[in-house]
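Undergrad: let's see this in three dimensions:
(one chain, ligands or ions: 2)
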Amino acid sequence: MANTAEKAKGAAPAADANLPYALRTYSPEVLTEALRKMMLIRKFEEGAEDSYMRGLIHGTMHLSIGQEASAVGSSMSLTDEDKITSNHRGHGHCVAKGADLGRMFAEFFGKETGYCRGRGGSMHIADVAKGNLGANGIVGGGLPIAVGAALAAKRLGTGAVTVCFFGDGANNEGAFHEALNMAAVWKLPVVFVCENNKYGMSTSVERSTAVKHISERAAAYSMPGVTVDGNDFSAVAEAVDAAVARARAGEGPSLVENVTYRWRGHSKSDRNRYRTKEEIAEWMDRDPIKRMAAMLVDHGILTQEGIEALEAGVAQQIADAIAFAAASPSPQASEATRFVYTEETAA
Ligand SMILES: Cc1ncc(C[n+]2csc(CCOP(=O)(O)OP(=O)(O)O)c2C)c(N)n1
Ligand SMILES: [Mg+2]
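TA: Ligands and ions are numbered 1, 2, ... in the order given. Presented below is the predicted three-dimensional model:
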């Protein structure tokens, strides 16, 4: 397992302690792929937003534009055997874990080729083959599931690690505290990744959370806790890689807090009355994709033309995924109640 995880990093370039962690650790190919994945998440979200405006998607959805470094940076040492649990803002986690984009769009469009045959929508996508145990519409709902998956991995000796993504809002739920305690007591291979995007719906972290840094809560459960700039790919990867290595070595859970920001409203109905235009603009200046691209250009890993080629490839991939979903069949009305609770294998 450790070998497979090491392989995911590619051949490390010559060590230079002054370089950011990502440049010291990953090969140019792995870094380029990480940037491409972040671009893919951004384009995916923009494609979803556009499709929603066109009336192709019903219900609501929660976009993670601005949070791409957290999703991709937290997945760098994970293999398909490793698990993730996600939350309602989970498209980026899904894409980072290797989901099929056509099946994701098909799910949003309510099509038979979607991950839940169009019955679930944005907040119910799971991709077990890739180790994604699912999005979750219940705030904090993924935390106990992650602990269960980590307990199973420990009991079965699979060597798999679970990364549990959740928001700042979830850290005030009872499930958060119960999950961290149980994971610590049983030294389970799980990494709790809190995406602190400063708000739970319209409530700021300052108004809802007694501690300054959510990572401080790790101390109550005797596990390491660290807060990093969640818009800095390298900082996220450094913190989560270390936590994954610790989990894989049997040393137990960790809590990593990625401080980030969602550029869009909480969901499609949000009118953004609780944040100022200036605050949003300030965070847009800290664009994680631009920062990653600049780092790779500055260190001679990519050229501007190389970045443009990546963008063009990503745009094509999203257009193809949307076209696949649009051309897919809708479920038969007579079958609306089938496949709702579980996947049927035979008619
Ligand atoms: C148990 C529960 N309580 C309340 C809600 C309504 N709700 C949906 S998302 C959300 C805010 C979650 O905030 P956070 O965890 O910070 O995630 P973010 O939306 O900021 O990514 C709330 C309160 C819910 N879905 N589940
Ligand atoms: Mg939040």
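Undergrad: rest of the way, CA atoms for contacts and neighbours
TA: Fine.
Undergrad: enumerate the residues of the protein near ligand 1.
TA: With C-alpha under 6 Å from any ligand atom as the criterion, the chain meets ligand 1 at residues 89, 137-139, 166-170, 197, 199-201, 266.
Undergrad: just the buried members of those?
TA: Restricting the residues of the chain next to ligand 1 to buried positions leaves 89, 137, 139, 166-170, 197, 199-200, 266, with burial counted as 16 or more other C-alpha atoms under 10 Å.
Undergrad: which ones, among the residues you listed, also lie beside ligand 2?
TA: Taking C-alpha under 5 Å from the ion, the overlap between those and the neighbourhood of ligand 2 is 167-168, 197, 199-200.
Undergrad: just the residues you listed: which are in strands?
TA: Judged by DSSP state E, these include 167, 199-200 as members of strands.
Undergrad: centroid-nearest residue for this protein?
TA: When C-alpha atoms, centre = their mean is applied to the chain, the residue found nearest the centroid is residue 93 (2.5 Å).
Undergrad: give me the element that one is part of.
TA: Element membership of residue 93, judged by DSSP states H and E, is helix 91-96.
Undergrad: now the next helix-or-strand element following that helix: buried residues?
TA: Past helix 91-96, further along toward the C-terminus, the next helix or strand under DSSP H and E is helix 101-108. Along helix 101-108, the positions that meet the burial threshold by neighbour count (16+ other C-alpha under 10 Å) are 101-108.
Undergrad: before we move on, back to that, measure the residue nearest to the centre of the chain to ligand 2 for me?
TA: 15 Å (C-alpha to the ion, to the nearest Å).
Undergrad: give me the buried positions along the longest helix along the chain.
TA: What stands out as the longest helix in the chain, according to DSSP state H, is helix 28-53. Buried residues in helix 28-53, counted by 16+ other C-alpha under 10 Å: 28, 30-32, 34-49, 51-52.
Undergrad: now the strands for this structure?
TA: With DSSP E as the definition, the chain shows strands at residue ranges 83-85, 162-167, 190-196, 199-200, 203-204, 225-229, 254-259.
Undergrad: could those strands go into a markdown table alongside mean pLDDT?
TA: Formatted as a markdown table, the strands of the chain follow (pLDDT from 0 to 100):
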| stretch | mean pLDDT |
| --- | --- |
| strand 83-85 | 98 |
| strand 162-167 | 99 |
| strand 190-196 | 99 |
| strand 199-200 | 98 |
| strand 203-204 | 98 |
| strand 225-229 | 98 |
| strand 254-259 | 99 |
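Undergrad: from start to finish, how long is stretch 322-340 in a straight line?
TA: Across its full length, stretch 322-340 reaches 24 Å between end residues, using C-alpha to C-alpha, to the nearest Å.
Undergrad: now that stretch: mean pLDDT?
TA: Averaged across stretch 322-340, pLDDT comes to 94.
Undergrad: which ones are touching residue 37?
TA: Under the criterion of C-alpha atoms under 8 Å, 6 or more residues apart in numbering, the neighbours of residue 37 are 72, 95-96.
Undergrad: out of these, which is nearest to ligand 2?
TA: Within these, distances to ligand 2 taken as C-alpha to the ion reach their minimum at residue 72, with 17.8 Å.
Undergrad: just to revisit the earlier point, can you put the buried residues of helix 101-108 in TSV and add distance to residue 24 and pLDDT?
TA: Compiled in TSV, the buried residues of helix 101-108 are given as follows (distance: C-alpha to C-alpha, whole Å; pLDDT from 0 to 100):
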residue	distance to residue 24	pLDDT
101	31	98
102	34	98
103	35	98
104	34	98
105	36	98
106	39	98
107	39	97
108	39	97
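Undergrad: gap between the residue nearest to residue 268 when sequence neighbours are not counted and residue 339?
TA: In space, not counting the residues next to it along the chain, residue 268 is nearest to residue 60; the distance is 5.8 Å by C-alpha to C-alpha, 6 or more residues apart in numbering. Spatial separation of residue 60 from residue 339 under the definition C-alpha to C-alpha is 21 Å.
Undergrad: and residue 147, by the same measure?
TA: Using C-alpha to C-alpha, residue 147 is found at 27 Å from residue 339.
Undergrad: mind listing the helices for the stretch 101-250 of the chain?
TA: Along the stretch 101-250 of the chain, counting by DSSP state H, counting those that start in this stretch, helices occupy 101-108, 142-156, 174-185, 205-208, 233-248.
Undergrad: can you tell me the residue of the stretch 201-347 of the chain closest to ligand 2?
TA: Among all residues of the stretch 201-347 of the chain, residue 201 sits closest to ligand 2, at 6.9 Å; criterion: C-alpha to the ion.
Undergrad: isn't that residue up against residue 266?
TA: Yes. At 5.4 Å, residue 201 counts as touching residue 266 under the criterion of C-alpha atoms under 8 Å.
Undergrad: run a quick neighbour tally on residue 272.
TA: 15 (other C-alpha atoms under 10 Å).
Undergrad: correct me, but it touches residue 279?
TA: No. Shown here, residue 272 and residue 279 do not form a contact pair, counting by C-alpha under 8 Å, at 11.3 Å.
Undergrad: now residue 99. Nearest residue, chain neighbours left out?
TA: When the adjacent residues along the chain are set aside, residue 99 lies closest to residue 127, with 6.7 Å between them (C-alpha to C-alpha, 6+ apart).
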